[in-house]
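**Student:** predicted coordinates and the sequence they were generated for:
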Amino acid sequence: QGLLNGQSGIGPITHFDTTDFGTKFAGLIKDFDATDYMAKKDTKKMDLFIQYGIAAGLQALDDSGLEITEQNADRVGVAVGSGIGGLSLIEENHEKLLNVGPRKLSPFHVPSTIINMISGHLSIMKGLRGPNISIVT
């Protein structure tokens, strides 16, 4: 809506301290509430980029008007592409590993940081049984 109204989505970075960085601004998603798209307990098991991907996928499917039925579920799949994701959680867990050891790492570390979890979650949530692919560039 902001784009349609001529509003910029660029602003100061507020997700982390930018003191040591040359860039202080970015295109951040403001007022995002993942629980609009999934259960709160599920959000705790995934990095923010996965939550964004699931929300975008659900919005795209809704916008398409496509109804998923038993007759077409095998012919509807999910394809997701991303440059990279999960870095903040990887960094956080690396620090935890170094400071307190491996026993304090979450068993959800790997699944919460890999891109194919977006397409996997979308397929499960919507009953999509067609091709499922995630491309990382």
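**Tutor:** Yep, that arrived. In this text the structure is predicted, and so the values were computed from the model without any measurement. Residues are numbered from 1 along each chain as shown.

**Student:** would you map the strands across this structure?
**Tutor:** In the chain, the strands defined using DSSP state E lie at 10-12, 25-27, 78-82, 132-136.

**Student:** residues contacting the second one, please?
**Tutor:** It refers to strand 25-27. With CB atoms under 8 Å, 6 or more residues apart in numbering as the test, strand 25-27 has contacts from 9, 10, 11, 12, 13. All C-beta atoms are positioned from the backbone trio N, CA, C, and that covers glycine.

**Student:** find the nearest non-adjacent residue to the second one, please.
**Tutor:** Leaving out its chain neighbours, the residue that sits closest to residue 10 by CB to CB, 6 or more residues apart in numbering is residue 27, at 5.3 Å.

**Student:** also the fourth one?
**Tutor:** The shortest distance from residue 12 to any non-neighbouring residue, by CB to CB, 6+ apart, is to residue 25 (5.6 Å).

**Student:** how close does the most centrally placed residue in the chain sit to residue 7?
**Tutor:** Nearest residue to the geometric centre of the chain (CA atoms, centre = their mean): residue 50, 1.7 Å. Going from residue 50 to residue 7 by CB to CB, to the nearest Å gives 27 Å.
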